[in-house]
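Colleague: no FASTA, just this:
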């Protein structure tokens with residue numbers, strides 16, 4: 001039984017994910033946050049991301065489902081990478097922090 005348990009210990013673990021975000025990943029989060037802020041969608045985006053934090057995989061699937069709509073404002077490669085980033089535990093909180101900072105910036109006219 002212990003042999004089976006050790007064989008299946010990491011059956012559902014997401015392997016191959018480094019805990020560090022690369023500079024390209026951070027730049028992508030900045031671009032996405034800026035796109036949302038420029039359109040006045042920071043509050044709905046914060047609400048959506050925070051409500052889906054416990055369901056990281058489902059948040060990524062939602063991004064995949066919204067790809068046709070998001071494709072109007074972002075390249076498909078960026079959307080795919082954003083979906084993969086949202087599956088990671090630390091990314092949603094970082095993205096929400098970026099959105100909040102942009103929301104608090106005074107509007108430039």
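Modeller: Now that the structure is in, tell me what you want to look at. These numbers come from a predicted model, not from an experiment. Numbers count the residues shown, from 1 in each chain.

Colleague: quick one: contacts for the spatially most central residue of the chain?
Modeller: Most central in the chain under C-alpha atoms, centre = their mean is residue 86, positioned 2.9 Å from the mean C-alpha point. Contacts of residue 86 were listed using C-beta atoms under 8 Å, 6 or more residues apart in numbering, and they are 49, 52, 56, 59-60, 63, 92, 95. C-betas here are computed from N, CA, C, even on glycine.

Colleague: for residue 38, see how far away it is.
Modeller: 20 Å (C-beta to C-beta, to the nearest Å).

Colleague: one step back: quick one: which of the contacts of residue 86 has the most company?
Modeller: When the contacts of residue 86 are compared by neighbour count (other C-beta atoms under 10 Å), residue 95 ends up highest, at 23 neighbours.

Colleague: so what pLDDT did that one get?
Modeller: Residue 95 is assigned 89 on the pLDDT scale.

Colleague: tell me the contacts of it?
Modeller: When contacts are counted by C-beta under 8 Å, 6+ apart, residue 95 is found next to 29, 32-33, 49, 85-86.

Colleague: alright, that wraps it up for me.
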